[in-house]
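J.: Just need the structure, nothing else, for what follows:
(chains A, B and C)
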Amino acid sequence: MNVPKHWRAIPERYRMEAGKCRKCGEISFPSRLICPACNHNEFDLVNLSGKGKLLTHTIIRTAPEGFGDFAPYAVGIVELEEGVRIMGQITDCDPEKLKTGDKLTSKFRRMNEEGKTGMIMYSYKFVPDIGI
Amino acid sequence: MIGIIGYGTQIPRYRIKVEEIAKVWGADASAIKRGLNLNEKSVPAPDEDCATLSVNAALNALKRASIDPKKIGAVYVGSESHPYAVKPTGTIVSEALGICPRVHTADLEFACKAGTEGMFIALQLVKSGAVTCALAIGADTSQGAPGDALEYSASAGAAAFIMGAENLIAELVETDCYMTDTPDFWRRENAHYPEHGGRFTGEPAYMKHVTGAVLAILEKTGTKPEDFDYLIFHQPNGKFPVQVAKKLGFKEPQYRYGLLTPTLGNTYSGSSPMGLAATLDEAKPDQTILLVSYGSGAGSDAFIFRTTERLLKVRKHAPKVRKQLDEHRYYLEYGAYAKFRRKILKPE
Amino acid sequence: MRDVAIIGIGIIKFGELWEKSLRDMAVEAALNCLTDAGTDRADSVTIGCMSSGVFNGQEHLASLIPDYLGKNNIPATRVESACASGGLAVRNAYMEVASGLSDYSLAIGVEKMTDVSTGMATYALATACDRDYEAFHGITFPGLYAMLARAHMERYDTTREQLAQVAVKNHSNGALNPFAQYPFPVTQEAVLSSTMIADPLRLLDCSPITDGAAAVLLTTVEEAKKFKSSPMVIIRGVGSATDTLALSQRKDMLELGAVKKAVHRALKMAGKKIQDIDFAEVHDCFTISEILVMETIGIVKPGQGGPATIDGLTALDGKFPLNPSGGLKSKGHPVGASGVAQVYEAVSQLRGESGKRQLNNPKLALTQNMGGSGGSCVCHVLEVKD
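T.: Numbers count the residues shown, from 1 in each chain, chains lettered A, B, ... in the order given. Got it, this is the predicted structure:
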């Protein structure tokens, strides 16, 4: 049962809430209690733009449990405009045609569910930034 | 003055053609296409549902409204395919948009009319002064039973409208409703697919209620069909709305932007709201739009909007309906469609 | 701190061991080790196991394993650092002996991975990455390394053939190892036409799902002098380090920071340079991993791992043999056991007991065992006493 675990992460998963260090300005996603850049401990919450470019990716063909219905699907590391790097699925695309450097933007999508009758988990995913 | 301050839509990227479905069931594709004025429909990706379509449509509406999301005091999501039978879609939308926690929300259900129900309530709440802004969404990922006529049309999409009293892009002129208890289409608790009354869904159901709502609002406002620049009716297929429009004395140019079903299918609660969004994409300032929904069970909501200068300014902040409808489509074969729509039995 | 020697090594044949349980395997490897040492004395035991909770529904191995080993009353510790759990177990046993807490300390690595479906095993392995920000998004370990492979191919023009050569080379070594899960050679063509798992990595780029266990017995160099049957192997250096758990959070994902620091620490403690090492057992969980590791630890410059592999630098008869055992690729990768099995191989080679795969008189060996996508790493430098 992942309910509390998922619920706790809703600000990050639903609206990409990150922590911006009040001392050095470093943005951490997820937000942390200690800034990895300067060890400061005060942050402002900011919502990330979701826009960025693809650094590297793969196409998952042998999926872990719970993801079989989506395979094959692309997962990549995206560098956002804010400089933050995030791993996420890339959906609404032909995975075979993805290229490093592709411009992507985030969308709100269904990630997984706890079986047919359990909680549904939603999150950001990335899609090609083609103005749709 | 109250009305629409932002609108946005989301249509899945996947499509299936009438021919592809007809082939599986040995049906006559050309007869269906001609008879229903329907060529293809949108299909939600496996990671899309009513909640995701609602959120993404609402985010587009928020871009056009350019307001602090905390100004939205009410959120209504109309759908017959809410992801949970019990647990609101509206909370998901409100959280994703950053509207929580001081917001009133409700999920609405009235077959294909649930979207305009939300719009009606949102407008009245703004009018009353109870909230500054209100968000109404019509969204569905509906399913027709395999082989049933509805399988050719039941599609997916969402349209979202933010209502307010400042910076209107379309002012509300009037509303009206026309409703009776008419069981033309339903889905019982725990049933996967809906049932319907076949030809009974036409004359005594769709035609009667749409006509009733149109005549009511025309009478209330002292207007005639030719007074409207644009017209949007609920569109379960491409045939019904054209039939009733012609019978009432409307002409093709009036519904040319709003009639989307031939390549979109029936997005149920999203259907007529999506038509309104497509019309707002193209309308000029100071034009008058008549919107009439229909939901089985059965009833119609009617709205008259008049566009403002501001519409031209905000339109570009989010993608147009035609762009979402016509570009970057991926066509599915029936097998992949059946997988996407979870029509294949698998072990738990 | 006291100098520490390895006086016993034990392993079991790796594979899909349908008839053996987690406890059977751990005990069998430990008994083989004690038999090899010629003593059954162990003052403490450390068990390296990554995920018996998910794989077998069994935690509390620090009670279970000593119990079934017939050593109920000794202090026992279970350590976990994903696929580096085995290396960490050896390090913990080293600390027991070096510190004086124990005179004889046993390290056992074990993983029983075939009690669950492949999907569940994939899930269990994915607990080694960032559950909430990586695994939640449907990434798998082949997927994480596939992203590294793509980045390496794009930055350095590394080719698919170069990646495949790592598998070809390690299978060629593993074919000579009686304990290997897949003791047979594979061809370039076989690797390049095997099932795509996570582009660009294919089935034969991946280490398998394996049941296995290995054990080593450590004591002080002084005590070790009592055991004359085999040459004495001394642990000269121990190095351990960590990096960000999530791959996306590393400044340069192709530089394995934990590996770099762990190797540096182990070599520094031993007073050696990488050039002094005769051979290494490295963590080739995927073909790309071996290339990344050989570049990171300084065997070749960044970008040269692929060409050097093709040129035979790391082959059994090359100048710097890597994974004479067959590596995780051919020998198998029972995740918690692999780090101990690497030490097993290093000691076996240094003693000159490796049979058909025996290297020519090696003196100094390095083992490099890493967790996850490089979030943790444990290294050992071992030397055989003349």
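
J.: Work out the gap between the helix or strand where residue B:64 lies and the centre of the chain.
T.: If you go by DSSP states H and E, residue B:64 is part of helix B:50-65. Centroid separation between helix B:50-65 and its chain, computed with CA atoms, centre = their mean, to the nearest Å, is 13 Å.

J.: Outside of the helix or strand following that helix itself, list whatever touches it.
T.: Remark: after helix B:50-65, the chain's next helix or strand is strand B:72-78, criterion DSSP H and E. By CB atoms under 8 Å, 6 or more residues apart in numbering or on different chains, the residues outside strand B:72-78 that reach it are B:50, B:54, B:88-90, B:93-94, B:97, B:99, B:102-110, B:113-118, B:121-122, B:125, B:130-139, B:162, B:269. Quick note: C-beta positions are derived from backbone N, CA and C, even for glycine.

J.: mind listing which of those are in helices?
T.: B:50, B:54, B:89-90, B:93-94, B:97, B:114-118, B:121-122, B:125 (DSSP state H).

J.: Quick one: end-to-end length of stretch B:71-82, please.
T.: Using CA to CA, to the nearest Å, one end of stretch B:71-82 lies 25 Å from the other.

J.: So which residues on the stretch 51-200 of chain B come close to chain A?
T.: B:51, B:52, B:55, B:56, B:59, B:83, B:84, B:92, B:95, B:96, B:97, B:98 (CB under 8 Å from any CB of the partner chain).

J.: List buried residues within the residues you listed.
T.: B:51, B:52, B:55, B:56, B:59, B:83, B:92, B:95, B:96, B:97, B:98 (16 or more other CB atoms under 10 Å in any protein chain shown).

J.: which pair in the residues you listed spans the largest distance?
T.: B:83 and B:98 (20.4 Å; CB to CB).

J.: quick one: secondary structure of residue C:9?
T.: Three-state call for residue C:9 (DSSP: H, G, I helix; E, B strand; the rest coil): strand.

J.: and it, how many neighbours does it have?
T.: 26 (other CB atoms under 10 Å in any protein chain shown).

J.: Tell me which residues touch it, please.
T.: C:33, C:36, C:214, C:215, C:216, C:217, C:343, C:344, C:347, C:348.

J.: Over to residue A:93?
T.: Residue A:93 neighbours (CB under 8 Å, 6+ apart): A:74, A:127, A:128.

J.: which of the ones in helices among the contacts of strand B:72-78 has the most neighbours?
T.: Counting by other CB under 10 Å, top hit in those: residue B:115 with 36 neighbours.

J.: Okay, that one and residue B:301: tell me how far apart.
T.: 9 Å (CB to CB, to the nearest Å).

J.: do residue C:179 as well
T.: 75 Å.

J.: now swap in residue B:344 and tell me
T.: Distance from residue B:344 to residue B:301, by CB to CB: 37 Å.

J.: So, low pLDDT: which residues of chain B?
T.: B:348 (pLDDT under 70).

J.: typo on my end, chain A
T.: A:1.

J.: Can you list the residue ranges for strands in it?
T.: According to DSSP state E, chain A carries its strands in the segments A:17-21, A:27-28, A:43-47, A:52-60, A:73-80, A:85-90, A:103-113, A:120-128.

J.: closest one to residue B:312 among these?
T.: Nearest to residue B:312 among the strands of chain A is strand A:103-113 (24.7 Å), distances taken as CB to CB.

J.: What is that closest one packed up against?
T.: strand A:52-60, strand A:85-90, strand A:120-128, helix B:50-65 (3 or more CB pairs under 8 Å, 6 or more residues apart in numbering or on different chains; DSSP states H and E).

J.: Tell me the residues on chain C that lie near chain A, please.
T.: So chain C meets chain A at C:117-120, C:122-123, C:126, C:132-140, C:142-143, C:146-148, C:150-151, C:154, C:195-201, C:246-249, C:253 (CB under 8 Å from any CB).

J.: Spatially nearest residue to residue 32 (excluding sequence neighbours)?
T.: All of this is about chain A. residue A:19 (6.2 Å; CB to CB, 6 or more residues apart in numbering or on different chains).

J.: Oops, wrong one, chain C.
T.: Nearest residue to residue C:32, sequence neighbours excluded (CB to CB, 6+ apart): residue C:10, at 3.1 Å.

J.: quick one on the thing from earlier: which of the contacts of residue C:9 has the most neighbours?
T.: Counting by other CB under 10 Å, top hit in those: residue C:215 with 39 neighbours.

J.: Going along the chain, name the helices of the stretch 51-200 of chain C.
T.: Under the criterion DSSP state H, counting those that start in this stretch, helices of the stretch 51-200 of chain C are mapped to C:52-56, C:61-68, C:85-99, C:118-126, C:141-156, C:160-174, C:188-192.

J.: residues in contact with the residue in chain C that chain B sits nearest to?
T.: At 9.9 Å from chain B, residue C:138 is the closest residue in chain C, using CB to the nearest CB. With contact taken as CB under 8 Å, 6+ apart, residue C:138 is in contact with A:60, A:63, A:64, A:67, A:70, A:73, A:75, A:89, A:111, A:112.

J.: Equivalent analysis for residue B:292, please.
T.: Per CB under 8 Å, 6+ apart, neighbours of residue B:292: B:210, B:213-214, B:217, B:231-234, B:272, B:300-303.

J.: wait, residue B:139 sits on residue B:271?
T.: No. Judged on CB atoms under 8 Å, residue B:139 makes no contact with residue B:271 at a distance of 10.5 Å.

J.: the more surrounded of the two?
T.: residue B:139 (38 against 34).

J.: For the closest residue to residue C:199 other than its chain neighbours, grab the count of nearby residues.
T.: In this structure, residue C:199 finds its nearest non-sequential neighbour in residue A:59, 4.3 Å apart by CB to CB, 6+ apart. Residues contacting residue A:59 under the criterion other CB under 10 Å number 21.

J.: Residue A:59 contacts residue A:70, doesn't it?
T.: No. Look at residue A:59 against residue A:70 with CB under 8 Å: they stay out of range, at 11.3 Å.

J.: Centre-most residue in the chain?
T.: Went with chain A since none was named. The centre of chain A sits closest to residue A:88, judged by CA atoms, centre = their mean, with a distance of 4.3 Å.

J.: ah, no, chain C please
T.: Note: chain C centre (CA atoms, centre = their mean) maps to residue C:339, 3.2 Å.

J.: so after the helix or strand containing that one, what's the next helix or strand?
T.: Assessed by DSSP H and E, residue C:339 sits inside helix C:338-351. For helix C:338-351, the following helix or strand on the C-terminal side (DSSP H and E) is strand C:364-371.

J.: Show me what the next helix or strand after that next one pairs with in its sheet, parallel or antiparallel.
T.: Moving toward the C-terminus from strand C:364-371, the next helix or strand (DSSP H and E) is strand C:376-384. Sheet pairing of strand C:376-384 (DSSP bridges) gives strand C:233-242 (antiparallel), strand C:364-371 (antiparallel).

J.: Kindly state which of those is positioned closest to residue B:261.
T.: Across those, closest to residue B:261 is strand C:364-371 (CB to CB), at 55.2 Å.
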